[in-house]
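S.K.: fold the following.
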Amino acid sequence: MQSAISRATLGRLPAYLQYLENVTSEHISSAAVARALGLGEVLVRKDLSLVCGKGKPKTGYVTEALRASLKAALGVDRVTPAVLVGAGKLGTALMDYKGFSYYGMDIIAAFDKNADSSREVSGKPVYPMEQLRRFCQIHDVKIGIITVPADAAQSVCDQLIASGIEAVWNFSPVRLNVPDGVALQNENLALSLAHLHSMQIN
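M.R.: Okay, here's the model as predicted:
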């Protein structure tokens, strides 16, 4: 079932889960979720059916079962270790953020070309790049986060993949090349800012 979930639907699932965390009733309908989040009822019903099947007429979904299904679809029912490369301002901000664990990811260490063995960020170690491959293999790390300048991003990506990384979250302003089988998610901060500016102008 999860393989049929589109990127757009996946983008809405965290909002559903966040809303349901505060629902105390035993049952919840897709119509109630739609009203609470300001979304179309048909859209919400379709999204939830991909995750948890169809709700029962008049009663909807069992709230706890729907919460569990959403967590499983998002992978938050298990915590996956991740590493970050580029412990500058952006990298440090990401390491400071406490909300990733709620969505099933824990940044357990960072790596930087200027790191030394005594540096920490938010209680997490920052290691030199030479230790990346061995660390990822020992800790079975499968997610890598890139927050380095554009000219270093592809090299870092290659090193992460050589270290066994299967999913790359890229915050560098450059298109990366990854082999088949490696998931890549780009966060283009400049594009997002340009979108905000265009909305203001319009």
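S.K.: how about Ile145, secondary structure?
M.R.: Following DSSP: H, G, I helix; E, B strand; the rest coil, Ile145 is assigned to strand.
S.K.: begin at 50, not 1, for the rest of this chat.
M.R.: I'll keep to 50 as the first residue from here, and by that count the last item is Ile194.
S.K.: how many neighbours does Met154 have?
M.R.: 19 (other C-beta atoms under 10 Å). C-betas here are computed from N, CA, C, even on glycine.
S.K.: can you pull the contacts of it?
M.R.: Applying C-beta atoms under 8 Å, 6 or more residues apart in numbering to Met154 gives the contacts 128-129, 131, 192.
S.K.: got a quick ChimeraX command for the buried subset of the residues you listed?
M.R.: Those of the contacts of Met154 that count as buried under 16 or more other C-beta atoms under 10 Å are selected in ChimeraX with:
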select :129,131,192
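S.K.: can you give me the strands in this structure?
M.R.: 76-77, 110-111, 129-134, 154-161, 169-170, 173-177, 192-195, 216-219, 232-235 (DSSP state E).
S.K.: sorry, back to before: for the contacts of Met154, which one is nearest Ser171?
M.R.: Within the contacts of Met154, the smallest distance to Ser171 is 13.7 Å, found for Ala131 (C-beta to C-beta).
S.K.: which residues pair with the closest residue to that closest one other than its chain neighbours across the strands?
M.R.: Spatial nearest neighbour of Ala131, excluding adjacent residues (C-beta to C-beta, 6 or more residues apart in numbering): Ile192 at 3.8 Å. Beta-bridge pairing for Ile192 (DSSP bridges): Ala131, Ala216.
S.K.: gap between Ile192 and Asn71?
M.R.: Computed as C-beta to C-beta, to the nearest Å, the Ile192 to Asn71 distance reads 28 Å.
S.K.: fine by me, thanks again.
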